[in-house]
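J.: okay, predicted coordinates and the sequence, questions at the end:
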Amino acid sequence: MSETPDTGTPYVRYEVQDGFAVLTLDSPHNRNALSSRLVRELLAGLEQAAADDQARGVVLTHTGNTFCAGADLKEALDADPAAAADIRTGWMLDVLRRILDLPKPVVAQVDGNVRAGGMGILAACDIAVAGQDSSFALTEARIGLAPFMISLTLLPRMTSRSAARYYQTGEKFDAAEAERIGLITLAVDDPAAEVGRLREELRKGSPQGLAESKRLVNAAMLAEFDRSAAELAKRSGSFFGTPEVVEGMTAFFQRRPPSWAQ
């Protein structure tokens, strides 16, 4: 892991370009992992975009070769397991639900790796465009966990067969496969150019037309979200601090196979 960056540099940059709020995950030292600071800044950016009259929609993108690596495991391992689990669960729920109910289209522009919690954020976006060299994986089972919270957005998007496979194997798959199974909208050679084209199409919709169309599409997902979030949060929290999770996280940082894989 590289040196900690200047604390004055934002982890999530906000700017308005051509009528869209562009939120750029910019914490490459830890592969844009969901640290406490990045999550706070991401939520603030989403709130700012929702209230910004100059922003017709949101583009969520990244610097570096990773869109989002999921939870910041170093931060999680250093914290009190029970307290950290509750806090992180709340953060993830807030981020996912805010993307789903934001009254503006959210377009993910990915050109790199997506892992674990980053997969849930990607699935929450209304449109997801990824470069052909992007890769995807759900690796929670390999450290003694499961994709608890992010199932709220992943399961409505992915085919049931693909979820059963990738939840359990943790295999890495490419952008063409991600499109085939419904995780992303499009796999393209130039994601920036394709997102630019989609922004032109979205600008043809009126603000209320876009907002109401999004509500129709996400209504069932939000209803299930609100029904299941508390139970999934409880299940998720109960696993942090267990021997298998401690072993899984420790093995990850020691770059060795966990005890069950030896």
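T.: Noted; the coordinates are in hand.
J.: okay, CA-based contacts and neighbour counts for the rest of this
T.: Noted.
J.: pLDDT below threshold where in the stretch 101-250 of the chain?
T.: Judged against pLDDT under 70, the stretch 101-250 of the chain has no low-scoring part.
J.: just the strands in it please.
T.: Under the criterion DSSP state E, counting those that start in this stretch, the stretch 101-250 of the chain contains strands at 106-110, 113-115, 127-131, 135-137, 173-174, 186-188.
J.: which one, of those, ends up nearest to Lys234?
T.: strand 113-115 (22.4 Å; Cα to Cα).
J.: of all the residues in the closest one, which ones are buried?
T.: Asn113, Val114, Arg115 (16 or more other Cα atoms under 10 Å).
J.: could you do stretch 60-69 as well?
T.: Neighbour counts over stretch 60-69 (16+ other Cα under 10 Å) mark Leu60, Thr61, His62, Thr63, Gly64, Thr66, Phe67, Cys68, Ala69 as buried.
J.: likewise stretch 206-222?
T.: For stretch 206-222, burial by neighbour count (16+ other Cα under 10 Å) applies to Pro207, Leu210, Ala211, Lys214, Arg215, Asn218, Met221, Leu222.
J.: who touches that stretch?
T.: For stretch 206-222, contacts defined as Cα atoms under 8 Å, 6 or more residues apart in numbering pick out Arg56, Arg97, Leu100, Asp101, Pro103, Lys104, Pro105, Asp126, Leu152, Thr153, Pro156, Leu202.
J.: okay, and which of these map to helices?
T.: Arg97, Leu100, Asp101, Leu152, Thr153, Pro156, Leu202 (DSSP state H).
J.: quick one, what contacts the fifth one?
T.: Thr153 makes contacts with Leu96, Gly120, Ile121, Ala123, Ala124, Met221, as judged by Cα under 8 Å, 6+ apart.
J.: got JSON lines for the residues you listed, with distance to Gln168 too?
T.: Output for the contacts of Thr153, formatted as JSON lines (distance: Cα to Cα, whole Å):
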{"residue": "Leu96", "distance to Gln168": "22"}
{"residue": "Gly120", "distance to Gln168": "16"}
{"residue": "Ile121", "distance to Gln168": "19"}
{"residue": "Ala123", "distance to Gln168": "18"}
{"residue": "Ala124", "distance to Gln168": "21"}
{"residue": "Met221", "distance to Gln168": "23"}
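J.: any idea which of the strands of the stretch 101-250 of the chain is most buried?
T.: Of those, the one with the most neighbours on average (mean count of other Cα atoms under 10 Å) is strand 106-110, at a mean of 27.
J.: that strand packs against which elements?
T.: Packing partners of strand 106-110 (3 or more Cα pairs under 8 Å, 6 or more residues apart in numbering; DSSP states H and E): strand 57-62, strand 127-131, helix 191-202.
J.: again, only using 6 Å
T.: Counting contacts by 3 or more Cα pairs under 6 Å, 6 or more residues apart in numbering; DSSP states H and E, strand 106-110 packs against strand 57-62, strand 127-131.
J.: okay, those in CSV with distance to Pro258 next?
T.: As requested, those are exported to CSV (distance: least, Cα to Cα, whole Å):
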stretch, distance to Pro258
strand 57-62, 31
strand 127-131, 31
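J.: the spatially closest residue to Ala178 that is not a sequence neighbour and Glu201, how far apart?
T.: Distances taken as Cα to Cα, 6 or more residues apart in numbering put Ile184 closest to Ala178, at 5.7 Å, once the chain neighbours are dropped. Distance, Ile184 to Glu201, by Cα to Cα, to the nearest Å: 18 Å.
J.: neighbour-wise, which of the two wins?
T.: In this view Ile184 and Glu201 are compared by other Cα atoms under 10 Å, and Ile184 has more residues nearby, 25 against 10.
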